[in-house]
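K.L.:
here is a sequence with its predicted model. Questions after.
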Number of protein chains: 2
Amino acid sequence: MITGKNYIGEELSATGSVIYKTIDPEANTENEFVFYEATKEEVNKAADKASKAFEVYKNKSANEKARFLEAIASEIEALGKELTNIYSKESALPEGRAKGECARTSSQLRSFSEMLKEGSWVETIISKAEGKPDIRRILTPLGPIAVFGASNFPFAFSTAGGDTASALAAGCPVIVKSHPLHAGTGEMVSRAILKAAKETGMPDGVFSNLNSSGIEVGQWLVKHSKIKAVGFTGSIKAGTALCKLAAEREEPIPVYAEMGSVNPVVILPSALKNNAEEWAEKYAGSITAGTGQFCTNPGLILGIKGEGFDRFVRVLGESLEKIEPTCMLHPNIKKQYETSTLELLSQKGFTKVGASSKEIKVNYARQQIIAVDGETFLKNKNFHKEVFGPFSVVVKCNDKKQLLENIRNLEGQLTGTILNSEEKELQDFAEIIDALKSRVGRLIFNGVPTGVEVCAAMTHGGPFPATSDSKFTSVGLTAVKRWVRPVSYQDWPNSILPKELKNENPLGISRNVNGKITKDSL
Amino acid sequence: MITGKNYIGEELSATGSVIYKTIDPEANTENEFVFYEATKEEVNKAADKASKAFEVYKNKSANEKARFLEAIASEIEALGKELTNIYSKESALPEGRAKGECARTSSQLRSFSEMLKEGSWVETIISKAEGKPDIRRILTPLGPIAVFGASNFPFAFSTAGGDTASALAAGCPVIVKSHPLHAGTGEMVSRAILKAAKETGMPDGVFSNLNSSGIEVGQWLVKHSKIKAVGFTGSIKAGTALCKLAAEREEPIPVYAEMGSVNPVVILPSALKNNAEEWAEKYAGSITAGTGQFCTNPGLILGIKGEGFDRFVRVLGESLEKIEPTCMLHPNIKKQYETSTLELLSQKGFTKVGASSKEIKVNYARQQIIAVDGETFLKNKNFHKEVFGPFSVVVKCNDKKQLLENIRNLEGQLTGTILNSEEKELQDFAEIIDALKSRVGRLIFNGVPTGVEVCAAMTHGGPFPATSDSKFTSVGLTAVKRWVRPVSYQDWPNSILPKELKNENPLGISRNVNGKITKDSL
């Protein structure tokens, strides 16, 4: 089933000598398959094929591209248990999660397919006035895209995840730099994509999958002149390095990197009057969900000192201790988790809120929460850093003023959450809510940040360093906007205008005509 | 009338010791006013004020911001002849151009005002389904913006030009780095903006104007942590330097730089059958319009060798020679024009098409066109470079294949033009048109690229190096999208949602509710 080879378009290729295996973190053993890292020649070949495929793929109709995306979804689903088994053996993520994430991946592909069939996503604008040029604008695809899969979502943010689905929907070929932690899962999903491409008549090179255990393959891709944009999910360090590399190219290209976030949760006093225990239990669950390996993991909880907050913190610690520890994605991630927590625990000025004291198996994470006061948090930026895993910092502020100051001192985040139970309190805390809003891409009210709904209104993005470009989301339909640019046609003959711009509006899409949204023909 | 001082918000300030004057290029003398370059402290003060003003300005209603923009337009118009006189004395641009550009600037401000009053530009998306979180997305302003005025449009791309108008419309305070060539014009326009701000109750710091004769003021601005994005119009060298500076910041920020373009014009054989002379005359006019100092100046004309193209080129040269030379914007720009043309004329393999042989006054430009064959153009990239001024290169290709190869070899451009007179020919040249499309932001049919209509459908942008980010335009209503980012509200109480997201849709804007565009309440 798993060949360990690269897919250069449809072609299996393994000309390199660097090999590696994936690891079953639960068993702490190597999985059987051997993977061949792509060589520079293989990277070049994939880029050449993608560039050639672009000339054909970009001119496929919306319906043809939609069928391709649907076929990918079906082919992935058809793999069933065989696929979810490998997924779990390469990530230690349980069967339920595997199924859920797989379903999310297919449904994401189908959402983009629906978007294509509906057709209005190309943002047609037509400006037409007596005595002025006739200008018609449409979004057009950029070209081949490099996608860097994430460690923590082997399906939904990897090979056929949101970046790939949105880029293919935009009309851009994709080259995936396979994530080394789940190269087998990646190969199986790649095969499904390529099978779908063949079924639906897509050009060879519309998709490639390159194995990589180090950083070189990724660097070659980002520097390749035929790659026109990059999608990335991972660490701040790797993401910013790729951004710099892309900015230094002769032709700089955009890198859409979703990086780090501690997802601050601000508990307003009213939330704790009657619900301190309930919120504490919910948050203990959110912090440990997926072994804390979600980009929306609540790593920071801020509140104002008092009886309610004390009670919340106490129950939070107790609830956390009751939760069974779970396995991390990889021994190296476990090691990194230990290093990061030890670094924090070597800082001064914190108290322990709770930690699992159970015996833990190898590669399992010991969940932990610590608390600092508002002044310490203001001064010591180490407590602001993301710890990838089930770890959170509680910040006990003296008053509203200190809480505000601490929020204003935060870096950019994917999410920010407000807990509250009395509407009039929201007016008193308006400045705090406003400060939080200015630092995040998504504001949650009375909920937990984990769980990112795939829908048109979602923003999974945020100010730096949460992402490299806060203008875009990597989840939801508007994720497609990363891979397109506007082109305007001036006084163009109707016969050779793209269908979306023709007088008769043959696709029946919604268009902005002189400021009015209409499906009418001109 | 002109103090020569910086505007740090409403406050006139001149604490520095670097002074400079502007030049009247027509008279070749210095203008009387002395300008004081901003110091680092003044830059910091302007950034602090802008940051504070942002907290107030972003919460002003759409109607309040609309009134501010309208007041700016009126205040600029009220300056009348006093303003256009200084404009001409600092640019050598004639009175007609001054009036036209001034009218364009006001009308641009009023377009953004209309956009604000209508309100749907914030791209509201509401996703609401049984059993799922309620997610509502809106665009929100980034923060203080630095705007670098252009040398060639003292009104429309400078102090109160498209960048400033769109940023203020977005809800972002603006700090203008005044262009040294027209610092007096900049000061007068700044005063109009500040008067409008006062009249309409805008916070101090919503606008500042900093004088600068070198590169430091700009660098300080781009590096300042309180600046959140940059708008720039100018050279590739300066634009890419600012992009790199911004990418190296602790918090990288976007730079929207509109830089260089030679605006290729592709003449298909049919266009020359009956219209060779007409097109030649039109193009001689377009090449010399505004002394060739437009970013959309047609610097490159490609066609296929033959009787028609020969005739076109001959008449183009003759027409060019009949046109009266005009004055450039500045002695340094004239000097640069001479250096660039001499560099090109030192290359091998070109023939002269035409050049003004008249006596020219100091600072006037001698317009010139040369021709190379397709092979020379393919090999020698020097002929691809933009010469800022009334200079063009004609490329005589052997056949369709060589023409295609040459187009594929071009860098990114603001515009590309196709001349044609027979519709069936367009099918034969489909590959060439497609190749041109992939390299430009605007495709013009049977026209000249000079003249950029300000309308919703306009794209004044294009692949690198035409701009630093091909996703955005600097002209037209969508220019506002550079200064905003999406934020999603999850399960937020209706009472504290922004008006644009409230159930009752109090502003009556068009919203995307579960995929349907509607003005209905929920």
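P.N.:
The structure has been received and is ready for your questions.
K.L.:
for the closest residue to chain B within the stretch 201-350 of chain A, what are its contacts?
P.N.:
Relative to chain B, the nearest point of the stretch 201-350 of chain A is A:A247 (4.2 Å; Cβ to the nearest Cβ). From N, CA and C alone the C-beta is placed, and that goes for glycine too. A:A247 makes contact with B:243-244, B:247 under the criterion Cβ atoms under 8 Å, 6 or more residues apart in numbering or on different chains.
K.L.:
from the residues you listed, which is closest to chain A?
P.N.:
Distances from chain A to these, taken by Cβ to the nearest Cβ, are shortest for B:A247, at 4.2 Å.
K.L.:
correct me, but A:N494 touches A:N503?
P.N.:
Yes: A:N494 is within contact range of A:N503, at 5.2 Å (criterion: Cβ atoms under 8 Å).
K.L.:
okay, A:K358: pLDDT?
P.N.:
Confidence at A:K358, expressed as pLDDT, is 87.
K.L.:
ok, for it, nearest residue in space, not its chain neighbours?
P.N.:
A:P325 (6.2 Å; Cβ to Cβ, 6 or more residues apart in numbering or on different chains).
K.L.:
burial count for that neighbour?
P.N.:
17 (other Cβ atoms under 10 Å in any protein chain shown).
K.L.:
how about the one 3 residues further on?
P.N.:
By the measure other Cβ under 10 Å, the count of residues near A:M328 is 29.
K.L.:
any idea which element the residue lying closest to it once chain neighbours are set aside lies in?
P.N.:
Using Cβ to Cβ, 6+ apart and skipping residues adjacent in sequence, the residue nearest A:M328 is A:K334, 4.4 Å away. Assessed by DSSP states H and E, A:K334 sits inside helix A:331-345.
K.L.:
what is the mean pLDDT for that helix?
P.N.:
97.
K.L.:
tell me which helix or strand comes right after it.
P.N.:
Note on helix A:331-345: by DSSP H and E, the next helix or strand toward the C-terminus is strand A:350-355.
K.L.:
can you give me the angle that next one makes with helix A:331-345?
P.N.:
140 degrees (axes from the mean of the first three to the mean of the last three Cα atoms, to 10 degrees).
K.L.:
after strand A:350-355, which helix or strand is next?
P.N.:
Proceeding N to C from strand A:350-355, the next assigned helix or strand is strand A:368-373, under DSSP H and E.
K.L.:
can you list contacts of that next one?
P.N.:
A:287, A:305, A:313, A:316-317, A:320, A:341, A:344-345, A:349-356, A:380, A:383, A:390-398.
K.L.:
I figured A:K282 hits A:V448, correct?
P.N.:
Yes: counting by Cβ under 8 Å, A:K282 does reach A:V448; the two are 5.9 Å apart.
K.L.:
of the two, who's got more company?
P.N.:
Neighbour tally, A:K282 and A:V448, criterion other Cβ under 10 Å: the higher count belongs to A:V448, 21 against 18.
K.L.:
what distance separates the start and the end of stretch A:459-469?
P.N.:
Counting by Cα to Cα, to the nearest Å, you get 12 Å between the two ends of stretch A:459-469.
K.L.:
for that stretch, give me every contacting residue.
P.N.:
For stretch A:459-469, contacts defined as Cβ under 8 Å, 6+ apart pick out A:236, A:239-240, A:243, A:254-261, A:411-415, A:438-442, A:452, A:470-476, A:478, B:137, B:251-252, B:254, B:485-488.
K.L.:
from those residues, which would you call buried?
P.N.:
Buried positions within the contacts of stretch A:459-469, assessed by neighbour count (16 or more other Cβ atoms under 10 Å in any protein chain shown), are A:236, A:239-240, A:243, A:254-261, A:411-415, A:438-442, A:452, A:470-476, A:478, B:137, B:252, B:254, B:485-488.
K.L.:
mind listing which of these are in helices?
P.N.:
Among the buried ones among the contacts of stretch A:459-469, the ones falling in helices (DSSP state H) are A:236, A:239-240, A:243.
K.L.:
check those residues against chain B, which are close?
P.N.:
A:240, A:243 (Cβ under 8 Å from any Cβ of the partner chain).
K.L.:
got a markdown table for the ones in helices among the buried ones among the contacts of stretch A:459-469, with pLDDT and distance to A:L329 too?
P.N.:
Formatted as a markdown table, these follow (pLDDT from 0 to 100; distance: Cβ to Cβ, whole Å):
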| residue | pLDDT | distance to A:L329 |
| --- | --- | --- |
| A:I236 | 95 | 18 |
| A:G239 | 97 | 18 |
| A:T240 | 96 | 22 |
| A:C243 | 97 | 24 |
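K.L.:
direction included, what does the helix or strand hosting A:V395 pair up with?
P.N.:
Element membership for A:V395, per DSSP H and E: strand A:391-397. When pairing is defined by DSSP bridges, strand A:391-397 lines up against strand A:300-304 (parallel), strand A:368-373 (parallel).
K.L.:
A:D204: how many residues sit nearby?
P.N.:
A:D204 - counted by other Cβ under 10 Å - has 18 other residues nearby.
K.L.:
cool, and the one 3 residues further on?
P.N.:
For A:F207, the count of nearby residues is 32 (other Cβ under 10 Å).
K.L.:
report pLDDT for the spatially closest residue to A:T326 that is not a sequence neighbour.
P.N.:
Nearest in space to A:T326, with sequence neighbours left out and distances taken as Cβ to Cβ, 6+ apart, is A:T291 at 4.6 Å. Per-residue pLDDT puts A:T291 at 97.
K.L.:
phi, psi for A:T291 please.
P.N.:
Backbone geometry at A:T291, expressed as degrees, to the nearest 10, gives phi 50, psi 30.
K.L.:
that one: neighbouring residues, count only.
P.N.:
26.
K.L.:
how about it, what does it touch?
P.N.:
For A:T291, counting by Cβ under 8 Å, 6+ apart, the contacting residues are A:325-329, A:365, A:389-390.
K.L.:
please apply the same query to A:E216.
P.N.:
Taking Cβ under 8 Å, 6+ apart, one finds A:K40 in contact with A:E216.
K.L.:
next one: A:E70
P.N.:
Applying Cβ under 8 Å, 6+ apart, we find A:E70 in contact with A:109-110, A:113.
K.L.:
what helix or strand is it on?
P.N.:
Assigned by DSSP H and E, A:E70 falls in helix A:62-89.
K.L.:
I'd like the average pLDDT over that helix.
P.N.:
Helix A:62-89 shows a mean pLDDT of 97.
K.L.:
other SSEs contacting the very next helix or strand once past that helix?
P.N.:
Counting by DSSP H and E, the next helix or strand C-terminal to helix A:62-89 is helix A:95-118. Judged by 3 or more Cβ pairs under 8 Å, 6 or more residues apart in numbering or on different chains; DSSP states H and E, the packing partners of helix A:95-118 are helix A:62-89, helix A:162-170.
K.L.:
partners of whichever helix or strand comes after helix A:95-118 in the sheet?
P.N.:
Where DSSP H and E defines the elements, the next helix or strand beyond helix A:95-118 is strand A:125-127. Looking at strand A:125-127 with DSSP bridges, its partner strands are strand A:135-141 (antiparallel), strand A:511-513 (parallel).
K.L.:
chain center to the shortest one, what's the gap?
P.N.:
On the basis of Cα atoms, centre = their mean, to the nearest Å, the separation between the geometric centre of strand A:511-513 and that of its chain is 32 Å.
K.L.:
the helix or strand just after that strand pairs with which strands, and in what direction?
P.N.:
Once the chain leaves strand A:511-513, the next helix or strand it forms, by DSSP H and E, is strand A:516-518. Strand pairing for strand A:516-518, using DSSP bridges, gives strand A:511-513 (antiparallel).
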